[in-house]
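1. Below are the sequence and a predicted model for it; my questions follow.
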Amino acid sequence: MASSRACFLTVALLLHVAASSIFISMATPIISSTTSSSTRCYKAIYSFGDSLADTGNDAYDDTRTLPSSQTLALNLPYGETYFHHPTGRWSDGRLIVDFIAEKMGLPLLKPYLGIKNGNIKDWNPTEGVNFAVAGATAVDSSFYLEKGIYNIATNYSLGVQLDLFMDLLPSICNSSSGCKEVLGSSLFLVGEIGGNDFNHPLFLYKSITEIRTYVPLVVNQISLAINKLINLGAKTLMVPGNFPLGCNFRFLIMYETADKSEYDEVGCLKWLNKFTQYYNKQLYAELNRLQGLQNQFQVLVVLLELQTVPMLCVVAIRG
Ligand SMILES: *[C@@H]1O[C@H](CO)[C@@H](O)[C@H](O)[C@H]1NC(C)=O
Ligand SMILES: *[C@@H]1O[C@H](CO)[C@@H](O)[C@H](O)[C@H]1NC(C)=O
């Protein structure tokens with residue numbers, strides 16, 4: 001196995017490059033998918049998150065409240081560029097998690113819901129798996145329903161995804177020490193998750209003042225998940241922050257204004273990017289707090305420069 005720092009930097013770099021490419025829409029391949037044994041840092045990847053990481057769970061999600069949103073990623077042009085058919089990914093090609101798996105010399109992550117319902121059969125629990133579900137929130141969907149935010153697309157919040165992981169755990173390892181070893185040599189991708197906790201209320205024109213009150217709850221859910229995984233034996237966890245929501249085309253259309261001062265130099269909505277930065281800073285602060293609690297927990301930050309908008313893309317590692 002390569003050194004843990006070298007492995008970490010490889011993943012951090014991949015995340016940075018892949019994340020940047022989403023926003024500058026590079027047409028060229030972002031990274032080479034060649035693999036050498038030196039980059040084989042982890043034996044498996046376990047991924048939690050939303051559409052940014054969902055490699056097909058969307059297709060098997062039995063809790064969809066909005067059936068039309070479920071089928072969208074199962075139609076072209078989704079999947080067109082790389083897989084040549086829709087795979088349930090909300091992308092025409094591969095996702096960041098796919099590039100990380102390729103670079104690590106591991107198989108592309110299969111969607112756990114497809115395995116659970118028997119559709120996907122050629123799978124071994126120790127090869128890793130993906131729990132990320134498109135539309136997922138960090139906080140449980142029931143919280144938002146109680147607040148009148150009725151458009152949460154799926155019940156598979158981060159907590160429910162972790163429950164699925166706990167159900168699966170006995171087929172990955174059987175003793176506390178065995179689990180520590182297996183999970184210690186796995187890579188955990190915890191996110192991106194949390195973006196939908198803000199997207200859904202923003203889609204309903206909820207006030208940013210109200211949405212800001214959800215930030216500590218989202219950060220807390222992510223923190224609980226990380227703690228749980230670390231206590232089970234996870235040593236390397238990637239925890240990306242959110243992307244600049246003020247540059248998202250849907251919000252640019254929804255919140256369009258004639259007031260030029262509301263936009264930054266590249267045409268993004270300043271108030272919404274300020275909010276994203278606020279959230280990312282809170283997440284970063286929590287990871288630093290965890291660092292104080294957990295032995296040898298290191299926090300490394302990847303600064304994502306989106307033209308003139310510096311965004312914090314938080315990445316964490318331990319061990
Ligand atoms: C929905 O999520 C809740 C937790 O918020 C969980 O208790 C329940 O089992 C989930 N339902 C389904 C159908 O997955
Ligand atoms: C754990 O034990 C069960 C029951 O003995 C067995 O079926 C399973 O394969 C074991 N899992 C691992 C990872 O060894």
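-> Sure thing, it's come through. Ligands and ions are numbered 1, 2, ... in the order given.
2. residue in the stretch 51-200 of the chain nearest to ligand 2?
-> Residue nearest to ligand 2 within the stretch 51-200 of the chain (Cβ to the nearest ligand atom): Asn174, separated by 3.9 Å. To be clear about C-beta, it is placed using only N, CA and C from the backbone, and glycine gets the same treatment.
3. How much space separates that residue from Phe83?
-> Distance of Asn174 to Phe83, given as Cβ to Cβ, to the nearest Å: 35 Å.
4. Who has more neighbours out of the two?
-> Set Asn174 next to Phe83 and count neighbours by other Cβ atoms under 10 Å: Phe83 wins out with 16 against 11.
5. which residues sit in contact with the closest residue in space to Leu74 that isn't next to it in sequence?
-> Leaving aside its sequence neighbours, Leu74 sits nearest to Pro86 (Cβ to Cβ, 6 or more residues apart in numbering; 4.9 Å). For Pro86, the contact set (Cβ atoms under 8 Å, 6 or more residues apart in numbering) comprises Ala73, Leu74, Asn75, Leu76, Tyr78, Gly79.
6. Can you tell me, leaving aside adjacent residues, what's nearest to Trp90?
-> Ser51 (4.2 Å).
7. Report the distance from the helix or strand hosting Gln277 to the chain centre.
-> Here Gln277 is covered by helix 270-293, with elements defined by DSSP states H and E. Taking the mean of its C-alpha atoms, helix 270-293 sits 15 Å from the chain's own mean (Cα atoms, centre = their mean, to the nearest Å).
8. Could you do stretch 221-240 as well?
-> With Cα atoms, centre = their mean, you get 13 Å for stretch 221-240.
9. can you tell if it touches ligand 1?
-> No - Stretch 221-240 stays clear of ligand 1 (Cβ under 6 Å from any ligand atom), getting no nearer than 10.9 Å.
10. Go through that stretch and flag the buried ones.
-> Buried residues in stretch 221-240, counted by 16 or more other Cβ atoms under 10 Å: 221-223, 225-226, 229-230, 232-240.
11. re the thing from before, give me phi/psi at the residue of the stretch 51-200 of the chain closest to ligand 2?
-> Main-chain dihedrals, Asn174, degrees, to the nearest 10: phi -120, psi -10.
12. So which residues on the chain come close to ligand 2?
-> Pro170, Ser171, Ile172, Cys173, Asn174.
13. Count the neighbours of the first one for me.
-> Right, Pro170. Residues near Pro170, counting by other Cβ under 10 Å: 10.
14. For the contacts of Pro86, name the two members farthest from one another.
-> Maximum pairwise distance among the contacts of Pro86 (Cβ to Cβ): 10.3 Å, between Ala73 and Leu76.
15. These two - which one has more neighbours?
-> Ala73 (20 against 10).
16. Surely that one touches Ala134?
-> Yes - using Cβ atoms under 8 Å, Ala73 is in contact with Ala134, at 6.6 Å.
17. Identify the contacts common to these two.
-> Ser51, Asp58, Gly88, Trp90.
18. Give the burial count for the last one, as a bare number.
-> Neighbour count for Trp90, taken as other Cβ under 10 Å: 18.
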